[in-house]
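# 3D, please:
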Amino acid sequence: MFDCHMEEKSKEMIRRAVEKLKHHGNEIFLKVNVRGERVIITPVRDETGELIGYFERFELNCQK
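Numbering: from 1, shown residues only. The predicted structure follows:
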């Protein structure tokens, strides 16, 4: 995962978000990237609620 997130600042942001998700956090807004997309991390949990992964979602800001 960190192969595509080279900056230490990005790595630390992801580490903090994953820790929140481990403790039953819901999706987490990370930032707006340089393309104006909102970056959101959404947890993936098993049937017992344990965090088994996550995915990043990118949303365009469609306001005009």
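# number of nearby residues for residue 41?
When neighbours are defined as other CB atoms under 10 Å, residue 41 has 20 of them. In short, each C-beta sits where N, CA and C put it, glycine included.
# can you tell me how far it sits from residue 60?
17 Å (CB to CB, to the nearest Å).
# ok, now residue 42?
17 Å.
# who's more crowded, these two?
The neighbour comparison of residue 42 against residue 60 (other CB under 10 Å) goes to residue 42, with 13 against 9.
# Cross-check the contact I'm expecting between residue 37 and residue 56.
No: in this structure, residue 37 is not within contact of residue 56 by CB atoms under 8 Å, at 10.2 Å.
# nearest residue to residue 45 other than its sequence neighbours?
residue 51 (5.8 Å; CB to CB, 6 or more residues apart in numbering).
# if I look at the residue nearest the centre of the chain, how far off is residue 25?
Nearest to the geometric centre of the chain sits residue 41, at 2.5 Å (CA atoms, centre = their mean). Residue 41 sits 9 Å away from residue 25, going by CB to CB.
# helices and strands around the one helix or strand residue 18 maps to, which ones?
Secondary structure assignment for residue 18, by DSSP states H and E: helix 8-22. Where contact means 3 or more CB pairs under 8 Å, 6 or more residues apart in numbering; DSSP states H and E, helix 8-22 is packed against strand 28-32, strand 37-45, strand 51-60.
# Please convert those strands to TSV, extending it with distance to residue 13.
Below are the helices and strands packed on helix 8-22 laid out as TSV (distance: least, CB to CB, whole Å):
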stretch	distance to residue 13
strand 28-32	6
strand 37-45	10
strand 51-60	11
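# Out of the ones you listed, flag the one nearest residue 16.
strand 28-32 (8.9 Å; CB to CB).
# List the buried residues in the helix or strand of the chain with the lowest mean pLDDT.
Every helix and strand of the chain was ranked by mean pLDDT, DSSP states H and E. The lowest is helix 8-22, at a mean of 85. Neighbour counts over helix 8-22 (16 or more other CB atoms under 10 Å) mark 13-14, 17-18, 21 as buried.
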